[in-house]
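# The amino acid sequence is not available; the structure is as follows:
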C-alpha cells in the first residue's frame, strides 16, 4: 500500500474544480494508493510523465485535457505527495 499525502490546499482546490475532474482525481488516488504510481503508466489516459525545468523531480498526470495533478514520489517512505491540481498552461 502506498500513502497519498496532499498539500493542505488540495481540498480547497477540489471544491472549485469541475465534478468530472474531482472524480478522475479520486480514481487517480485510488490507483496510486493500491498499486503505486508505476501502475499509472498502464492507463494511457493519465499520460503520466516526469517534468523538467523548475518542476524537475516532480511528475504530472492528466485528469482531463486541461487539468493535471502534480506530485512527487518518495520511495524510501512509500509516499506520494500531491502538490497541486492545476489547469495546464498552453
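Sure thing, it's come through. Computed from a predicted structure; not experimentally measured.
# in this protein, which spans are strands?
For the chain, the strands defined by DSSP state E occupy 3-6, 49-50, 59-62, 67-74, 79-87.
# who touches the nearest residue to residue 47 once chain neighbours are set aside in this structure?
Closest residue to residue 47 apart from its sequence neighbours, by CB to CB, 6 or more residues apart in numbering: residue 62 at 4.5 Å. All C-beta spots, glycine's among them, are computed from the backbone N, C-alpha and C. By CB atoms under 8 Å, 6 or more residues apart in numbering, residue 62 lies in contact with 45-47, 68.
# now do 10 Å
By CB atoms under 10 Å, 6 or more residues apart in numbering, residue 62 lies in contact with 24, 28, 40, 43-49, 68-69, 88.
# among these, which two are most distant?
Put simply, by CB to CB the two of the contacts of residue 62 set farthest apart are 43 and 88, 17.9 Å from each other.
# Residues in a beta bridge with the residue most central in space within the chain, which ones?
Centroid-nearest residue in the chain, with CA atoms, centre = their mean: residue 69, separated by 3.5 Å. Going by DSSP bridges, residue 69 is paired in beta bridges with residue 61, residue 85.
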